[in-house]
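K.L.:
Fold the stuff below for me.
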Amino acid sequence: MSRAAALQSRAAIAVLMLALTGCAGQEPLPPTPIPRVEVPAGAADMSQLPELTAPATCAGYVALTFDDGPTELTSDLRAVLDHYEIPGVFFNTGAQEQARPREVERTKAAGHQLGNHSMTHPDLLAGDLTAALADIDAATVVHRDLGHDAPTLFRPPYGSTSSALRAAVESRGMLEVLWTVDSKDFEAGTAEQVVEQSKGMTDGGILLLHDGKPLTVEALPRIIEHYYAQDLCFGEVVAADTELPTDVGLTHRARATKQEP
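P.N.:
This next block holds a predicted model:
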C-alpha cells in the first residue's frame, strides 16, 4: 500500500471509529506520527511587491484568514505575509494537511495561527451531528498526528453551522470563527475584484480568503495596502467578550486583535 493510501485509510478509520462511539465529549484519538516526505519550499518572487508602510498608530486590527489549505500556493501566501510581517490564520482541512505536512509546519513556525476546517470539507448540516463531529474530530486527529497541539480555532465549511454544532465544538476547546467580510475570491475573475470585495472591515473584522487561488495571492498586497490606508493593522483571531455580527447572518464570539509576541 502506498503512503498516501495508508494515510487515507487511517483517516477513514478515524472517522468511522469516532462515528461509532458517538463522538460527543470524547477526546480525539492519541497521536500516531505521520511519516513526512521532505519537499523543498518554493520561494515566491518578492521582487515585484510594492513597498508598504504600516500605520504609525493603529486605529484598530483586522484579520486575514485563508480556508482550504494547505495547497501548492500556501508558500506564496505565507511569503507575502512574512514579507510585510503580517500574521494570518490558516483554516486547513485534515485531508490537505495529510497531503502537505511540511506546509503545516512552516506556517506554524512562521507564527501564523492554524485552525480546524473539518477533515473532508462537507456541509456539516447536511447529515446528523454525530457525523459532523466525526469529520471535525478526524481533522484534529490528523493535526495532532503531525505533532501539533489540537487546534483552538474552528471554521465550518461554507459557514454552515448551528447552535448544537457550535456548542459541541466549544466543548472540544475550539472557538468557532466565521467572518465579517467575504472576498468571494473563489468566483472572482480578476485580482481587482478580490481587492474590491475585501473592503469594508472595521476594527475587529475578519476577512475570508482562500488558499490555492492565484488571484488571491496577486490581490493580497493591495488588500494590505487598502487597510493600511484606513490606519488598520493586522492581527490574530481571539475570543470576543460578546456576540458579534458576521457576514453570513449569524453571530460568533471571535474578533481580530493585536497579535501577542
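
K.L.:
And the strands in this structure?
P.N.:
With DSSP state E, the ranges of strands along the chain come out as 60-69, 89-92, 113-116, 153-154, 175-176, 181-182, 206-210, 232-234, 236-245, 251-257.

K.L.:
Return the most buried member of those strands.
P.N.:
Comparing the strands of the chain by mean neighbour count (mean count of other C-beta atoms under 10 Å), strand 89-92 ranks first with a mean of 27. No exception for glycine: its C-beta is placed from N, CA and C like everyone else's.

K.L.:
returning to that earlier point: mean pLDDT added to the strands of the chain, as JSON lines?
P.N.:
Output for these, formatted as JSON lines (pLDDT from 0 to 100):
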{"stretch": "strand 60-69", "mean pLDDT": "98"}
{"stretch": "strand 89-92", "mean pLDDT": "98"}
{"stretch": "strand 113-116", "mean pLDDT": "98"}
{"stretch": "strand 153-154", "mean pLDDT": "98"}
{"stretch": "strand 175-176", "mean pLDDT": "98"}
{"stretch": "strand 181-182", "mean pLDDT": "98"}
{"stretch": "strand 206-210", "mean pLDDT": "98"}
{"stretch": "strand 232-234", "mean pLDDT": "98"}
{"stretch": "strand 236-245", "mean pLDDT": "98"}
{"stretch": "strand 251-257", "mean pLDDT": "98"}
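
K.L.:
among the ones you listed, which is nearest G147?
P.N.:
Ranking those by proximity to G147 (C-beta to C-beta) places strand 113-116 first, at 12.2 Å.

K.L.:
Identify the residues contacting that closest one?
P.N.:
Defining contact as C-beta atoms under 8 Å, 6 or more residues apart in numbering, one finds that strand 113-116 is touched by 65, 87-92, 94, 104, 107-108, 136, 139-140, 143, 148, 151-155, 174, 177, 236-237.

K.L.:
Can you name the residues bridging to the most centrally placed residue in the chain?
P.N.:
The chain has F91 as the residue nearest its centroid, 1.6 Å off, counting by C-alpha atoms, centre = their mean. On the basis of DSSP bridges, F91 takes part in beta bridges with D67, G115.

K.L.:
quick one: it and V62, what's the gap?
P.N.:
16 Å (C-beta to C-beta, to the nearest Å).

K.L.:
can you check I224 too?
P.N.:
Using C-beta to C-beta, one obtains 10 Å as the distance from I224 to V62.

K.L.:
My guess is the residue nearest to the centre of the chain contacts P70. True?
P.N.:
No: using C-beta atoms under 8 Å as the test, F91 is too far from P70 to be in contact (10.7 Å).

K.L.:
Pull stretch 79-97 out as CSV, backbone CA atoms only.
P.N.:
The C-alpha atoms that make up stretch 79-97 are tabulated as CSV, following Å, rounded to 0.1, in the frame of the first residue of the first chain:
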residue,chain,number,x,y,z
ALA,A,79,5.8,34.7,1.7
VAL,A,80,3.7,37.8,1.1
LEU,A,81,2.5,37.8,4.8
ASP,A,82,6.0,37.3,6.1
HIS,A,83,7.4,40.0,3.7
TYR,A,84,5.2,42.5,5.4
GLU,A,85,5.5,40.9,8.8
ILE,A,86,1.7,40.3,9.0
PRO,A,87,0.0,37.4,10.8
GLY,A,88,-2.6,35.2,9.1
VAL,A,89,-5.0,32.5,10.1
PHE,A,90,-5.0,29.3,8.0
PHE,A,91,-8.1,27.1,8.4
ASN,A,92,-6.8,23.8,7.0
THR,A,93,-8.7,20.6,6.2
GLY,A,94,-7.3,17.4,7.6
ALA,A,95,-7.1,15.9,4.1
GLN,A,96,-4.9,18.7,2.9
GLU,A,97,-2.7,18.6,6.0
